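**Q** Fold the following and give me the result.
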Amino acid sequence: MNVIKLVSRLRGDGVFRATRGFSSETTIKTNYENISWPEPEIEDVKKQLRELEGGRVTLYKDETNGIAQLCIDHVEKKNSLSGKMMVEFHEAISTLEKWETGKGVLLFSKGDTFCSGGYLETVKALSAPEGGFRMSALMQDAVMRLRNLPLISVAVIHGQALGGGAELTLCTDFRLCTPKSEIGFVQARMGITTGWGGGLLLKKLVGHPKALDIMLTSRRLKLDEIKALGLVDGIVNPDGRLNESSQWLNSKVEHLPVSVVHAVKKNVLSSSFYEERQIFGGVWGGPSHLEKLAQNIKHN
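**A** This next block holds a predicted model:
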């Protein structure tokens, strides 16, 4: 049996970092010849995947409340992501990175399925090992950057989230579900594993043994188990899920200035006292802080 060397884009502790590039090598046994793929250029991958059409990912930014809506729309194919949609998803996140007045973003889908992973025609076009590796690089980069946004992110899950769709449910700060939602890490049943960052995120959220169990059994998690695992932060009604989710998110951020929302998010993402101190210093003595001091709001 030959050996193929792949390189992890994510830290072993499951924490995403804003830096690009590989941090460690993982040796995986396979029947393929020895290959060591270099880190692909994201723009090159986007150029390749943009040609694989189907569906759309759209972004709407509401300047009145600072909450954006990131929509997966491929209803006729159970909201599976084509190559073009993966590029649009990545580019929407790039746009959100530059949104200085934004406070939050809702990730949701049209129709009755959240996301069923990769679109079959795209998967077929990328069926060679290097094709999957390049697609994984783009989606991991998108997931990493979504998690590292200074905005508060919420996945609004309605219906099934399967395969890559299950992975996308974990790339946000919060998750809201409708009662009939299902999350299924079904990759092992398909002869693969997670490739969009979901394995490490699942381990971080539920722990090593439970993540292994969920991924090895490929079972679809119903709402009761999703709640028991701590993977859902609230339940919304199917018909009004977007409005309810927007209100839920807005209730957490509407009373805070943008600078404080961004600072709190960065603080939670920080991994050291030094990072926390730098963030703290950026808001201490700022306009919002001085205003609240004058109001003696701490004791009100």
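
**Q** In three-state terms, label residue 106 for me.
**A** Classification of residue 106 using DSSP: H, G, I helix; E, B strand; the rest coil returns strand.

**Q** Quick check: pLDDT value at it.
**A** The score at residue 106 is 99. That number is its pLDDT.

**Q** Return the residues in contact with the residue positioned nearest the centre of the chain.
**A** The centre of the chain sits closest to residue 171, judged by Cα atoms, centre = their mean, with a distance of 2.3 Å. Residue 171 makes contact with 107, 143, 146-147, 153, 155, 196-197, 201, according to Cβ atoms under 8 Å, 6 or more residues apart in numbering. All C-beta atoms are positioned from the backbone trio N, CA, C, and that covers glycine.

**Q** What of residue 156?
**A** Listed by Cβ under 8 Å, 6+ apart, the contact set of residue 156 reads 106-108, 176, 236, 241-242, 245.

**Q** Show me the contact partners of stretch 219-233.
**A** Here stretch 219-233 makes contact (Cβ under 8 Å, 6+ apart) with 157, 160, 162, 169-170, 174-177, 179-184, 186, 205-206, 210, 214, 235.

**Q** What is the end-to-end distance of it?
**A** End-to-end distance of stretch 219-233 (Cα to Cα, to the nearest Å): 21 Å.

**Q** got it, and stretch 90-106?
**A** Here the two ends of stretch 90-106 are set 15 Å apart, with distance taken as Cα to Cα.

**Q** Flag every buried residue along it.
**A** Buried residues in stretch 90-106, defined by neighbour count with 16 or more other Cβ atoms under 10 Å: 90, 92-93, 96-97, 99, 102-106.

**Q** Tell me the one of the residues you listed nearest residue 129?
**A** residue 90 (21.5 Å; Cβ to Cβ).

**Q** hmm, who's touching whichever helix or strand the closest one is part of?
**A** Secondary structure assignment for residue 90, by DSSP states H and E: helix 83-97. Here helix 83-97 makes contact (Cβ under 8 Å, 6+ apart) with 42, 46, 48-59, 61, 68, 70, 72, 74, 81, 102, 105, 119, 122, 125-126, 135, 138-139, 141-142, 145-146, 149, 151.

**Q** From those, list just the buried residues.
**A** Among the contacts of helix 83-97, those classed as buried by 16+ other Cβ under 10 Å are 42, 46, 48-50, 52, 54-55, 57, 59, 61, 68, 70, 72, 74, 81, 102, 105, 119, 122, 125-126, 135, 138-139, 141-142, 145-146, 149, 151.

**Q** Okay, and which of the residues you listed map to helices?
**A** Taking DSSP state H, the ones among the buried ones among the contacts of helix 83-97 that sit in helices are 42, 46, 48-49, 122, 125, 135, 138-139, 141-142, 145-146.

**Q** Pipe the residues you listed into TSV and attach distance to residue 260 and pLDDT per row.
**A** Output for these, formatted as TSV (distance: Cβ to Cβ, whole Å; pLDDT from 0 to 100):
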residue	distance to residue 260	pLDDT
42	32	95
46	34	97
48	41	96
49	37	97
122	40	96
125	45	94
135	37	95
138	32	96
139	31	97
141	28	96
142	26	97
145	22	97
146	21	98
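
**Q** Could you export those to a markdown table, including columns for distance to residue 249?
**A** Formatted as a markdown table, these follow (distance: Cβ to Cβ, whole Å):
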| residue | distance to residue 249 |
| --- | --- |
| 42 | 29 |
| 46 | 29 |
| 48 | 35 |
| 49 | 30 |
| 122 | 31 |
| 125 | 36 |
| 135 | 30 |
| 138 | 27 |
| 139 | 24 |
| 141 | 25 |
| 142 | 21 |
| 145 | 19 |
| 146 | 15 |
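
**Q** could you point out where the stretch 151-300 of the chain is predicted with low confidence?
**A** For the stretch 151-300 of the chain, the stretches with pLDDT under 70 are 273-274, 276, 279-281, 283-285, 289, 292-293, 297-300.

**Q** which residues of it fall in strands?
**A** Applying DSSP state E, counting those that start in this stretch to the stretch 151-300 of the chain gives strands spanning 152-157, 160-162, 174-177, 182-184, 220-221, 234-235.

**Q** Can you say which of those strands is nearest to residue 130?
**A** Of all the strands of the stretch 151-300 of the chain, strand 160-162 sits nearest to residue 130, with 24.7 Å by Cβ to Cβ.
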